[in-house]
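Trainee: next one to model:
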Amino acid sequence: MWAALRDMLHYCAVHLEAIADNARDLDLAIRWGFGWNQGPFEIWQAAGWQQMVKWITEDIASGKTMASVPLPAWVTDPARDGVHKAQGSWSVSERSYKPRSALPIYRRQLFPDRLITEAAVYGTTIFETDAVRMWSTGDDIGVISFKTKMHAIGEDVLDGMMQAIDESEREFKGLIVALQGGRVDLINSAMYINEQRAAQVDFVPYLKIGTLVVVQADNPAKITGRDESLCGKTIAVTLGGIQETYARQDDKRCRDKGLAAINVMTLPTAQDSALTLRQGRADVLFNSTPGVVELMDKVPGVYAVAGPEFETSTQIGIAVRKGDAAMKSAVEAALKEIVADGSYKKLIATWKFPASVSLFD
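Mentor: Next up is the predicted model:
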């Protein structure tokens with residue numbers, strides 16, 4: 001077995017420059033073509049690069065290999081510990097680690113095959129049982145997958161589907177679907193206004209808010225704000241909320257710079273995220289400025305803010321059906337009335353929100 005593995009790795013190392021643009025392309029080609037779990041270079045790297053180099057070199061010298069050609073210099077470089085790293089896979093012709101292609105056809109792949117150095121994350125789990133898994137890719141759409149043998153549908157699967165429906169109606173686009181279908185006349189649920197939602201419903205904005213970076217009071221992870229101190233840390237956010245978008249943007253920035261990836265931990269509610277931070281299962285919480293004000297008021301001395309507020313122009317609003325001018329006008333009139341009589345300002349003060357959240361002062 002060693003002889004077969006050794007000669008295959010020897011061949012791949014000698015011919016990599018001629019047959020593939022980089023080590024990733026060769027490994028994936030072998031995996032896809034022969035149904036392997038790992039490609040040749042992944043096997044080599046997992047086994048210990050320098051140890052394998054030593055053994056292959058010794059067998060070449062003693063005439064045990066099929067070919068006597070020596071391993072290339074890039075392979076035997078004493079500093080090398082593999083060909084797959086966070087920044088990409090080794091390209092012999094370019095003498096550098098090459099990232100994955102950014103061509104549109106590759107960006108369409110939600111879950112491209114991962115290499116040994118890449119975490120295999122298939123969406124964010126909302127809940128999971130022995131029969132089903134509900135998950136999301138952060139686009140406000142819940143997906144349910146069957147885990148049963150041959151995807152058989154039994155009572156446990158049906159129970160999971162009912163739970164998934166309940167989750168969707170509370171946390172995902174079920175609210176918008178209910179509005180569009182006439183089951184409700186408006187949505188007043190602190191809904192963030194974004195381009196995708198505005199294409200489906202009409203909004204009446206009533207607040208503008210920012211986001212704060214929250215840590216434990218003693219800040220054990222030494223977070224300094226929305227900066228590189230977040231790289232390699234775990235950020236707790238509400239699933240599908242704008243803060244999840246911010247956290248994933250930060251994760252990409254870290255990875256693009258060759259720094260450690262951020263673990264974006266999504267939870268059903270902001271309260272769940274705060275508890276996760278308090279328990280030490282997350283290093284950071286991203287939450288809206290009003291949410292942080294309320295949190296710090298309810299549990300003083302437990303949390304602290306790291307760095308300044310960011311993304312301060314995000315608006316939240318009441319949603320009505322697209323084109324429902326009468327309902328939108330009625331909501332706008334009511335909002336104008338409570339602004340004029342001072343009730344709007346009093347509500348902001350009652351909830352201890354900063355004055356910066358007001359859209360009308």
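
Trainee: so Ser68 is in contact with Ser62, correct?
Mentor: No: contact criterion Cβ atoms under 8 Å: Ser68 and Ser62 do not qualify, at 10.4 Å. Backbone N, C-alpha and C define where each C-beta goes, glycine included.

Trainee: what secondary structure does Ile187 sit in?
Mentor: Counting by DSSP: H, G, I helix; E, B strand; the rest coil, the backbone at Ile187 sits in strand.

Trainee: sketch out the low-pLDDT regions of this structure for me.
Mentor: The chain contains residues with pLDDT under 70 at 120-121, 138-140, 169-174, 240, 361.

Trainee: show me where it has its helices.
Mentor: 2-19, 23-34, 40-47, 49-61, 73-76, 104-107, 155-171, 174-180, 195-198, 242-256, 270-278, 289-298, 325-340, 343-350 (DSSP state H).

Trainee: let me know the angle separating the longest one from helix 49-61.
Mentor: What it means is helix 2-19. 100 degrees (axes from the mean of the first three to the mean of the last three Cα atoms, to 10 degrees).

Trainee: please name the nearest non-neighbouring residue to Arg226.
Mentor: Phe310 (5.2 Å; Cβ to Cβ, 6 or more residues apart in numbering).

Trainee: what bridges to that neighbour?
Mentor: Going by DSSP bridges, Phe310 is paired in beta bridges with Thr211.

Trainee: what's around it, how many residues?
Mentor: 15 (other Cβ atoms under 10 Å).

Trainee: pretty sure it contacts Thr211?
Mentor: Yes: the pair Phe310 and Thr211 qualifies as a contact (Cβ under 8 Å) at a distance of 5.7 Å.

Trainee: okay, and the common contacts of those two?
Mentor: Tyr246 (Cβ atoms under 8 Å, 6 or more residues apart in numbering).

Trainee: quick one: the residue nearest to Arg226 from Gln249, how far?
Mentor: According to Cβ to Cβ, to the nearest Å, Phe310 stands 11 Å off from Gln249.

Trainee: and what of Lys98?
Mentor: 23 Å.

Trainee: so for the two, which residue has more residues nearby?
Mentor: Lys98 (17 against 13).

Trainee: contact partners for that one?
Mentor: Going by Cβ under 8 Å, 6+ apart, Lys98 touches 21-22, 24, 88-91.

Trainee: now the residues you listed: which count as buried?
Mentor: 21-22, 24, 88-91 (16 or more other Cβ atoms under 10 Å).

Trainee: go through these and say which is closest to Glu155.
Mentor: Among the buried ones among the contacts of Lys98, Arg24 lies closest to Glu155 (Cβ to Cβ), at 43.9 Å.

Trainee: isn't that closest one right up against Leu115?
Mentor: Yes: with contact defined as Cβ under 8 Å, Arg24 reaches Leu115; the gap is 6.1 Å.

Trainee: mutual contacts of those two, please.
Mentor: Common neighbours of Arg24 and Leu115, counting by Cβ under 8 Å, 6+ apart, are 84, 89.

Trainee: my guess is Val339 contacts Ile348. True?
Mentor: No: checked against Cβ under 8 Å, the pair Val339 and Ile348 is beyond contact range at 10.7 Å.

Trainee: what number of residues lie near Ser145?
Mentor: With other Cβ under 10 Å as criterion, Ser145 counts 13.

Trainee: apart from its chain neighbours, what residue comes closest to it?
Mentor: Arg133 is the one closest to Ser145 (Cβ to Cβ, 6+ apart), at 4.9 Å.

Trainee: that neighbour and Gly142 touch, don't they?
Mentor: No: in this structure, Arg133 is not within contact of Gly142 by Cβ under 8 Å, at 10.8 Å.

Trainee: looking at the two, which is more packed in?
Mentor: Neighbours were counted for Arg133 and for Gly142 using other Cβ under 10 Å; Gly142 has more, 23 against 19.
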